[in-house]
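Visitor: kindly generate the corresponding structure for this input.
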Amino acid sequence: MNGEVIYFTATNRTGERITFRGGPDFGGMMMGSYLTCASCHGPEARGGYHFMHMTPMDAPDIRYKALIDEEAEHSAEKGELGDEHEDFDLDDFRLAVIEGKHPDGEPLSYLMPRWEMNEEDLRDLFFFLKTIP
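Guide: Reported below is the predicted structural model:
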């Protein structure tokens, strides 16, 4: 499954490395390691509080249900009512992963890398996250 490969290795099924800009100072490339989604969000995508090279990080839960709940909570905190983001969709995911923004356009944490991936890889990653209970 391409999305799972991307999540754990930051490479796609053809072996192409998925690059990023920004994000945490990982500092691991010299040792042969590379920043992946799982580096911050964990093997089960549940996120959590941890340190990465002396930087405290509270990575969010990015399982699909959590993404829906997070968006609803974010909208409620801003005093927005309505259901235009009742369902976290591929466009919302694209904003987060590629542009580093919530669906309403507010920026995510500077610790969230802005990944540079093609549409097929983005879609496969999104659908992989939907399979995680």
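
Visitor: spatially central residue for the chain, please.
Guide: V97 (5.3 Å; C-alpha atoms, centre = their mean).

Visitor: make sure that one is actually in contact with N118.
Guide: No - counting by C-beta atoms under 8 Å, V97 stays clear of N118, with 11.9 Å between them. Just so you know, the C-beta spots here come from the backbone N, C-alpha and C atoms, and that holds for glycine as well.

Visitor: what about this protein, any weak spots by pLDDT?
Guide: 25-33, 71-86 (pLDDT under 70).

Visitor: tell me which stretches of it form strands.
Guide: Here the chain has its strands, by DSSP state E, at 19-21, 48-52, 55-59, 114-116.

Visitor: okay, angle between the third one and strand 48-52 too, please.
Guide: For strand 55-59 and strand 48-52, the angle between their directions (axes from the mean of the first three to the mean of the last three C-alpha atoms, to 10 degrees) works out to 150 degrees.
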